[in-house]
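K.L.:
A structural model of the following input is requested.
(2 chains)
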2 protein chains.
Amino acid sequence: MNALPDLLVIAKKRGIRRLSVAAADGHSVLKAVQAAKREGIVQPILIGDKNKITQISQEINFDISDIEIIDEANHHAIARISVALINEGKADILMKGLIGTAPMLRAVVHKETGLRKNTLLSHFTLFESKFYHKIFGATDVAMNIAPTLDEKIQIINNAVEIMHKLDVPRPKVAVLSPAETVNPKIESSIHASILTMMNKRRQITGCIVDGPLALDNAISASATGLKGIVSEVAGDADLLVVPDLNSGNILYKSLIFLGGASSAAVITGAKVPIVLTSRAASEESKLLSIALASVLE
Amino acid sequence: MNALPDLLVIAKKRGIRRLSVAAADGHSVLKAVQAAKREGIVQPILIGDKNKITQISQEINFDISDIEIIDEANHHAIARISVALINEGKADILMKGLIGTAPMLRAVVHKETGLRKNTLLSHFTLFESKFYHKIFGATDVAMNIAPTLDEKIQIINNAVEIMHKLDVPRPKVAVLSPAETVNPKIESSIHASILTMMNKRRQITGCIVDGPLALDNAISASATGLKGIVSEVAGDADLLVVPDLNSGNILYKSLIFLGGASSAAVITGAKVPIVLTSRAASEESKLLSIALASVLE
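P.N.:
Residues are numbered from 1 along each chain as shown, chains lettered A, B, ... in the order given. I've put the predicted structure just below:
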């Protein structure tokens, strides 16, 4: 894959996925669903206020005559129903619409009726930047606030599984820290060292992990050369593992709003991929995220 | 100021500053000093191995016949001498050359012979990005690892003093966090709320502080509108205050290496501005940093 829009091509080839849309009664979500349906990627099931859904669909010229709508106004019920559709085998992937992240995730992680496997839920983003020579992933830039070492292992495993599905058989994983040196005062550099050694000892597999690396070491061969770093990952990372949410959110926002990058994102670690884009995400990003989820399922 | 190269114009107008260069015996540092001297900004005093300095100067066609050289090979002595030149009134600004940051800063913060005032030393960067409508500052993206609330107050005061000198009389200060909402589990959002209230109660002055703001809220009017944020700062920030070094380093590296931005940076909070650029910084960035230090002194 050379560009993010390739996701649309791949998704189309793999066939139509049934998309369960929680709280579909918003302009932005319906537009994204409309675009994904038009691309031949998904057949949606819309859960939400039927009157609103019908009204907005007319406004945006979205023909919903062949789409199942489940009329429900209560957000907790909407979340529960959207998840149940997955568990009942009626839908393949899940999308959060105009509903808060908290009630949505509560339904996803519910012990009996949810979608949890034994893994941590984490956020995975694919970026395309004209300043880098390939598509790259980043995790977790939006969900886990301050992951422990053990949680970072799961975050890496979740992301590596995705990279494999995207035909990157042995992704180069850069664990980020402010510098390439280990500083006992900086936890991200300690985590990075441990994760790198766990990879060398085959406790983390399917990828090549290296860290600590600063962002420039990870993605710029020239910055790497200057500092004399010997690394299979430096300058050519496929996946960036950020220290925490503070830094991850800044990476994401900086790439999109101050770097002209484009992105697609999913929540991973549940039984199915979940499209859970932020309000500020562009329509294109929402469509690409649906495509990414479709490719992964 | 509309573009970072304006720093060169302003510095030239203000007149020549005497630059104390610690460990000038490196290619990269001598090239930056050569460029700054050529621009008519500085008259350097070079401290370091005189033979090496002479040899490199010949290689890069740098005429050093009118430049004072202090021949010294020991790095601790070099750092001490470079600082002493400031305290003796023989130099106006300080630049770190081919010497480690640790020995350099030890000489700067030395209680008797150093350059410390009563303030915290902090790092300040100016950025120019084609994705933003004006030059903006960011602090502290390179020095303080995990600043406490009290340290963030000093970091903001240091940066606001710089913005005033750059003719931004009442800078709009965005205190960054992953979201615009206060989350008691996320310290950066707590710090941001407190700093904002301290500004409202005139405990932090000379600026307008607002936070928590996510990076997109701070610099993008459209992202702000979407989230219904009412703020004098949102979408128009002059200064970004990052949560910590993990996030600040990623902001800096992302803007430069994945955003095509340019930058100038100084260490502030000492008696004089200190140019302390990273090895990976471009020659242009080193020159602009000398110009920034010259303008501030």
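K.L.:
helix or strand for A:Ile47, just tell me which one.
P.N.:
Taking DSSP states H and E as the definition, A:Ile47 sits inside strand A:42-48.
K.L.:
restricting to C-alpha, output that strand in CSV.
P.N.:
Output in CSV follows, covering the C-alpha atoms of strand A:42-48 (Å, rounded to 0.1, in the frame of the first residue of the first chain):
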residue,chain,number,x,y,z
VAL,A,42,-20.2,-1.4,3.5
GLN,A,43,-23.9,-2.2,3.9
PRO,A,44,-24.9,-0.2,7.0
ILE,A,45,-27.4,-0.8,9.8
LEU,A,46,-28.3,2.5,11.3
ILE,A,47,-29.2,2.7,15.0
GLY,A,48,-30.7,6.0,16.2
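K.L.:
tell me the buried residues in it?
P.N.:
A:Val42, A:Gln43, A:Pro44, A:Ile45, A:Leu46, A:Ile47, A:Gly48 (16 or more other Cβ atoms under 10 Å in any protein chain shown). Using the backbone N, CA and C atoms, a C-beta is placed for each residue, glycine as well.
K.L.:
check which strands are paired with that strand and give the direction for each one.
P.N.:
strand A:17-22 (parallel), strand A:68-71 (parallel) (DSSP bridges).
K.L.:
average pLDDT for that strand?
P.N.:
Average pLDDT, strand A:42-48: 98.
K.L.:
residues making contact with it?
P.N.:
Applying Cβ atoms under 8 Å, 6 or more residues apart in numbering or on different chains, the contact partners of strand A:42-48 are A:16-25, A:30, A:33, A:36-37, A:53, A:64, A:67-73, A:78, A:81-82, A:85, A:90-91, A:93, A:97-98, A:290, A:294.
K.L.:
list the buried residues for the next helix or strand after it?
P.N.:
Later in the chain than strand A:42-48, the nearest helix or strand by DSSP H and E is helix A:50-59. Using 16+ other Cβ under 10 Å as the test for burial, helix A:50-59 gives A:Lys50, A:Lys52, A:Ile53, A:Thr54, A:Ile56, A:Ser57.
K.L.:
per-residue confidence for the last one?
P.N.:
On pLDDT, A:Ser57 comes in at 97.
K.L.:
before we move on, back to that, from the contacts of strand A:42-48, keep the buried residues only.
P.N.:
A:17-25, A:30, A:33, A:36-37, A:53, A:64, A:67, A:69-70, A:72, A:78, A:81-82, A:85, A:91, A:93, A:97-98, A:290, A:294.
K.L.:
can you put the buried residues of strand A:42-48 in JSON lines and add distance to A:Thr224?
P.N.:
Below are the buried residues of strand A:42-48 laid out as JSON lines (distance: Cβ to Cβ, whole Å):
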{"residue": "A:Val42", "distance to A:Thr224": "41"}
{"residue": "A:Gln43", "distance to A:Thr224": "46"}
{"residue": "A:Pro44", "distance to A:Thr224": "45"}
{"residue": "A:Ile45", "distance to A:Thr224": "48"}
{"residue": "A:Leu46", "distance to A:Thr224": "48"}
{"residue": "A:Ile47", "distance to A:Thr224": "49"}
{"residue": "A:Gly48", "distance to A:Thr224": "49"}
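K.L.:
any regions of chain A where pLDDT drops low?
P.N.:
Along chain A, segments meeting pLDDT under 70 span A:225-226.
K.L.:
can you give me the strands in it?
P.N.:
Assigned strands in chain A, in chain order: A:17-22, A:42-48, A:68-71, A:93-96, A:122-128, A:136-139, A:172-176, A:208-213, A:239-241, A:262-268, A:274-275 (criterion: DSSP state E).
K.L.:
out of those, flag the one nearest B:Arg116.
P.N.:
strand A:208-213 (29.6 Å; Cβ to Cβ).
K.L.:
do any residues in the closest one lie close to chain B?
P.N.:
No: applying Cβ under 8 Å from any Cβ of the partner chain, one finds strand A:208-213 separated from chain B by no less than 10.3 Å.
K.L.:
residues of the stretch 51-200 of chain A that sit close to chain B?
P.N.:
Counting by Cβ under 8 Å from any Cβ, the stretch 51-200 of chain A sits next to chain B at A:129, A:131-132, A:142, A:145, A:176-179, A:183, A:185-186, A:188.
K.L.:
ok so, going back, what's the angle between the strand holding A:Ile47 and helix A:50-59?
P.N.:
Between strand A:42-48 and helix A:50-59, the angle comes out at 130 degrees (axes from the mean of the first three to the mean of the last three Cα atoms, to 10 degrees).
K.L.:
any figure for the gap between A:Ile208 and B:Ile250?
P.N.:
21 Å (Cβ to Cβ, to the nearest Å).
K.L.:
tell me which of the residues of the stretch 51-200 of chain A next to chain B is nearest to B:Ala218?
P.N.:
A:Ala142 (17.3 Å).
K.L.:
got the contact list for the closest residue to the closest one other than its chain neighbours?
P.N.:
Ranked by Cβ to Cβ, 6 or more residues apart in numbering or on different chains and with sequence neighbours excluded, the top spatial neighbour of A:Ala142 is A:His123, at 4.1 Å. Listed by Cβ under 8 Å, 6+ apart, the contact set of A:His123 reads A:Thr139, A:Asp140, A:Val141, A:Ala142, A:Met143, A:Asn144, A:Ala265, A:Val266, A:Ile267, A:Thr268, A:Leu276.
K.L.:
one more pass at 6 Å, please.
P.N.:
A:Asp140, A:Ala142, A:Met143, A:Ile267 (Cβ atoms under 6 Å, 6 or more residues apart in numbering or on different chains).
K.L.:
partners of it in the sheet?
P.N.:
Those that pair with A:His123 in a beta bridge, by DSSP bridges, are A:Ile267.
K.L.:
how far away is it from B:Gly26?
P.N.:
Using Cβ to Cβ, one gets 42 Å for the distance from A:His123 to B:Gly26.
K.L.:
over to A:His164?
P.N.:
44 Å.
K.L.:
of these two, who's got more company?
P.N.:
Just comparing A:His164 and B:Gly26: by other Cβ atoms under 10 Å in any protein chain shown the higher neighbour count belongs to B:Gly26, 18 against 14.
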